[in-house]
Structure formats: C-alpha cells, structure tokens
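Asker: below are the sequence and a predicted model; questions follow.
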Amino acid sequence: MKLFLYRIYQLCVLVPVALVVTVVAAVLTILASILGGSRFWGYQIPRIWAKIICWATLVRVEVRGRENISKGQSYVFVANHQGAYDIFAIYGYLGHNFKWMMKKSLERIPLVGFSCKISGHIFVDNSSPGAVRETMVTAEKQLAGGMSVVVFPEGSRTRDGKLHRFKRGAYILATEFNLPVVPITIDGAYDVMPRTTLIPKWGKIIITIHKPIYAGEQGHDLAFLMSESRKAIAQSLPGGGE
C-alpha cells in the first residue's frame, strides 16, 4: 500500500515539481552565468535544485568525513557511480564548490546542457589531440582560485551495483596540475535508482569523503593514485564493492 501511494505521489507531485524546478534552476544558472556569477551561482543554484529533488523523493543523504577537506583548496574528487542520484547527492551535500568533468555528449541535453556549459563545467572531448588539449586548457582555467572538480572514474553508472574499473582521465588531471585526489564513496544510490529504471524510490544515501591522496607522493604515479583511491572507495562499500 505504501509503495502504491508513493507511486501516486510521484506521478501527481514529484514529476511536475522536478520538471519545474529543473527548468527554473537551469534558467537561473544561465542568467547568473551571463552576468558573471558562474563560479558562485553556478554551484549554489544547482545545489538547492539537488536538495529539492532529494527532499521531494524522500531520499535522505548523510555525509561522513567532511573534516578531511578544506575550504579554498582545489581537489580532484573521484567517486563511484551507482546511479542518477549520485549527482543529486554530491551536488546537494558535498559542501565544496566544484565543477563536473563530464562526457561531451551531455552538452546536447536541452537547456540543462547549455546551463552546464555556460556555468563552466568541463566537457571531455577525446575526438582529437587538439580537442584533448582544449579540454585541459579549460580545466586549468576552471580549477584556478580554489575551484575543484568531480569525476566518476568508472565513466558510467554501474549496471550491477559493483565497483568497476577506473579510467585514467581524472588522475592525469590531478598530476598535470599537482592537485590532491579525494576519493568519495557513494553508498545507497544504486538502491534508490539504478541504471535499469527511470523511477526512483525513497531511501538513504551515505557519502563518505576520504582523506586526500597527494599526486606527488609517489612521483606522480598514476597507478598509485588509481589503486589507492579505488581501495579507499571500496572499503566503505558493503562487501568491498564486489
């Protein structure tokens, strides 16, 4: 009975609210960015949007380990990717200004894609060596002045709830600009809304922010950064992420 009532609530209340809030947030972000407020409002407006989505879907988010990061410090945050609610959880509750590093294809999402572009999120273009260099130039510009970046090194949402192989892009960025890597474990988002469904359900998501791993500890060793950050993320997942 509870599930039935929740589905009615989703159809009659959640869907309209989510659509309206998303459009309003995107438009306000675009306007604020045009007026020069992309670094502040490009984060704060989506942060409120994400919290509203979580509240509306009865999803609670708990953050652990926030003491491991400092305001004003640039980080490369790397997180496992359990589902769509990873975005809402991190945007709404990380509490540290950042830009997403995302696939170039996401730029084509109506309104939202343009909102992300104009507010300074980093679209990864691997189509040519020149495009890769342009991505790095954009990243360097955005990471100035204490800005951070969030990357899902698995590349896409897990299909089975398990932790999968990490790609090198985030770690190349960390070594290129000598930034600490901060692993983030997301636990619970797969149960709320896995990749195989478009319908969320209520639940709890736990975000664990781990201690920074500094790029120069092993002479900018990508393998070290990748293995240590993956190990930290896995240790806070049930069964070690397997």
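Answerer: That came in fine, so what should we check first? This one's a predicted model, so the numbers in the text were calculated from it and none came from an experiment.

Asker: and the closest residue to residue 10 other than its chain neighbours, which helix or strand is it part of?
Answerer: With sequence-adjacent residues excluded and distances taken as C-beta to C-beta, 6 or more residues apart in numbering, residue 10 is closest to residue 199, at 7.0 Å. Backbone N, C-alpha and C define where each C-beta goes, glycine included. Assigned by DSSP states H and E, residue 199 falls within no helix or strand.

Asker: from residue 6, how far off is residue 199?
Answerer: 10 Å (C-beta to C-beta, to the nearest Å).

Asker: cool, residue 151 as well?
Answerer: For residue 151, the distance to residue 6 (C-beta to C-beta) stands at 33 Å.

Asker: then residue 109?
Answerer: Residue 109 is 27 Å from residue 6, by C-beta to C-beta.

Asker: could you check which of those two has the larger neighbour count?
Answerer: Taking other C-beta atoms under 10 Å, residue 109 and residue 6 do not tie; residue 6 has more neighbours (17 against 12).

Asker: just the strands from the protein, written as ranges.
Answerer: Using DSSP state E, the strands of the chain run over 59-64, 76-79, 98-103, 122-124, 148-151, 181-187, 203-209.

Asker: count the residues that sit near residue 104.
Answerer: 13.

Asker: in the protein, where's the longest helix?
Answerer: Using DSSP state H, we find that the single longest helix of the chain is helix 15-34.

Asker: identify the residues contacting that one?
Answerer: 38, 41-42, 45-46, 48-49, 52-53, 56, 111-112, 114-115, 118-120 (C-beta atoms under 8 Å, 6 or more residues apart in numbering).

Asker: take these and keep only those in helices.
Answerer: Using DSSP H, the members of the contacts of helix 15-34 that fall in helices are 41-42, 45-46, 48-49, 52-53, 56, 112, 114-115, 118.

Asker: from the residues you listed, which is closest to residue 177?
Answerer: Distance to residue 177 across the ones in helices among the contacts of helix 15-34 (C-beta to C-beta) is lowest for residue 42, with 20.0 Å.

Asker: contacting residues for the nearest residue to that closest one once chain neighbours are set aside?
Answerer: Spatial nearest neighbour of residue 42, chain neighbours left out: residue 119 (3.2 Å); criterion: C-beta to C-beta, 6+ apart. Residues counted as contacts of residue 119 (C-beta under 8 Å, 6+ apart) are 29, 30, 32, 33, 38, 41, 42.

Asker: cutoff 6 Å now
Answerer: By C-beta atoms under 6 Å, 6 or more residues apart in numbering, the residues touching residue 119 are 29, 33, 38, 42.

Asker: worst mean pLDDT among the strands of the chain?
Answerer: Lowest mean pLDDT within the strands of the chain: strand 122-124, at a mean of 82.
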